[in-house]
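Chemist: any chance you can model this:
(one chain, ligands or ions: 1)
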Amino acid sequence: MPIRKAIIPAAGLGTRMLPATKSVPKEMLPLADRPTIQYIVEEAVASGIQHITMITSRVKRALEDYFDDAPELRAVLERKGDTAALEMLDHTSRMAQFSFTRQHEPRGLGHAVLVARDLMGAEPFGVLLGDDLVDHPERPCLRQLMDVHERHGGCVIAVMRVPREQISRYGIAAIDSYGDLDARTHRVQGLVEKPSPEQAPSNLAVIGRYVLTPSIFDVLEQTPPGRGGEIQLTDALHTLGQSEPVYAYEFEGTRYDTGDPVGLITTSLAYALQRPDLAPGIRAYLRTLRLD
Ligand code: UTP
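Modeler: Below you'll find the model as predicted:
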């Protein structure tokens, strides 16, 4: 079944970006001049997703407004004849069909996905986390996972190899053997959320892109709170993997974590340096820095 729908869980508290996130959703913090969420939605749409469900919470109203029409702004831009800004405005609100649903309490990523159960129905769907960006010039990361799902079925999770000292920051996949399906795709035996390097079954870290089958919902219903007292998607995928195929795919592209200040600033720089209109000014500034 082709994948048409995706969930973007955005109901987390964003505590690593306080105080900004006290009243601004972390997904609205800009990378260059666009909010992070714009890049995530563009990746979903470029992957072939038509319907996007965002999981939000009380301080996240700005997300809904951002993807809505803005008649007052439109009228001003029309009067000014600013067609470029008008096109950007229209592009943002028409990119996909958007639904917003609330997670009343931040009970974990697994719980956030469960909140969208009725909206996903009986179809496989994508999940994109708002603080992970993957840059690839031709094949968006979610599209890469969708291609694996089309070939093999089952759930597909994006993984990358991380150095030993970073293992305890991620969910880590245990796999059968490297390259059992092809060089980048491995059958998952189990998943462990944030293990110590000594206990980790591999160095394959789960990042924020998934293709999930609807069977995940029954498992999530039964998944007790795990690490940090939260209902973990990793735990549910571990359980589902015992009865259905779950694949880990070593995605192609550069991954950026925008969830903390250093990550947000470096990602912003990386994306701005790719923009012909912004790069010259930023390069000129960087050249003036005397580092160390
Ligand atoms: P994170 O743990 O990275 O995000 O969750 P956070 O909780 O917003 O950030 P910190 O750690 O407090 O700084 C990963 C993703 O899952 C979503 C978050 O919005 C983020 O996109 N999430 C997490 C939910 O939607 N609901 C939750 O209960 C937890």
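
Chemist: so what's the residue in the chain that the ligand sits nearest to closest to, chain neighbours aside?
Modeler: Closest approach between the chain and the ligand, counting by C-beta to the nearest ligand atom: residue 12, at 2.1 Å. Every C-beta, even on glycine, is put in place using the N, C-alpha and C of the backbone. Excluding the flanking residues, the one nearest residue 12 by C-beta to C-beta, 6 or more residues apart in numbering is residue 106, at 5.8 Å.

Chemist: same thing with residue 253?
Modeler: Nearest to residue 253 is residue 136, by C-beta to C-beta, 6+ apart, at 3.3 Å.

Chemist: repeat for residue 208
Modeler: residue 129 (2.8 Å).

Chemist: mind listing the strands for this structure?
Modeler: Remark: strands assigned in the chain by DSSP state E are 5-9, 30-31, 34-35, 51-56, 97-102, 125-128, 132-135, 155-161, 171-175, 185-193, 204-212, 246-250, 254-257.

Chemist: which helices and strands does the second one pack with?
Modeler: Contact analysis of strand 30-31 by 3 or more C-beta pairs under 8 Å, 6 or more residues apart in numbering; DSSP states H and E lists helix 261-272 as its packing neighbours.

Chemist: can you give me the buried ones in the helix it packs on?
Modeler: 263-264, 267-268, 271-272 (16 or more other C-beta atoms under 10 Å).

Chemist: in TSV: those, plus pLDDT.
Modeler: Shown next, in TSV, are the buried residues of helix 261-272 (pLDDT from 0 to 100):
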residue	pLDDT
263	95
264	96
267	96
268	96
271	95
272	96
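
Chemist: so which pair among those residues is furthest apart in space?
Modeler: Largest separation among the buried residues of helix 261-272 by C-beta to C-beta: 263 and 272, giving 14.7 Å.

Chemist: return the residues of the chain in contact with the ligand.
Modeler: The chain comes close to the ligand at residues 9-16, 55, 103, 106-109, 111-112, 129-131, 259, as judged by C-beta under 6 Å from any ligand atom.

Chemist: can you say which of those are buried?
Modeler: 9-12, 14, 55, 103, 106-109, 111-112, 129-131, 259.

Chemist: restricted to helices, list these.
Modeler: Mapping these onto helices (DSSP state H) picks out 109, 111-112.

Chemist: which among those residues gets closest to residue 89?
Modeler: residue 112 (28.7 Å).

Chemist: doesn't residue 55 make contact with that closest one?
Modeler: Yes - at 4.6 Å, residue 112 counts as touching residue 55 under the criterion of C-beta atoms under 8 Å.

Chemist: identify the contacts common to these two.
Modeler: 7, 9, 11, 103 (C-beta atoms under 8 Å, 6 or more residues apart in numbering).

Chemist: what's across from the second one in the sheet?
Modeler: Meaning residue 9. residue 55 (DSSP bridges).

Chemist: which residues touch it?
Modeler: 54-55, 103, 109, 112-113, 127, 129-130.

Chemist: if you set the cut-off to 7 Å instead, what comes out?
Modeler: 55, 109, 112-113, 129 (C-beta atoms under 7 Å, 6 or more residues apart in numbering).

Chemist: same question, the last one
Modeler: Residues in contact with residue 103, defined by C-beta under 7 Å, 6+ apart, are 11, 55, 57, 111-112, 115.

Chemist: one more time with 10 Å, if that's ok
Modeler: By C-beta atoms under 10 Å, 6 or more residues apart in numbering, the residues touching residue 103 are 9-12, 55-57, 60, 109, 111-116.

Chemist: related to what we said a few turns ago, distance of the residue nearest to residue 12 from residue 49?
Modeler: Distance check for residue 106 against residue 49: by C-beta to C-beta, to the nearest Å, it reads 24 Å.

Chemist: with residue 149 instead?
Modeler: Distance from residue 149 to residue 49, counting by C-beta to C-beta: 13 Å.

Chemist: anything in contact with each of those two?
Modeler: Common neighbours of residue 149 and residue 49 (criterion: C-beta under 10 Å, 6+ apart): 3, 126.

Chemist: the two - which one has more neighbours?
Modeler: Neighbour tally, residue 149 and residue 49, criterion other C-beta atoms under 10 Å: the higher count belongs to residue 49, 25 against 21.
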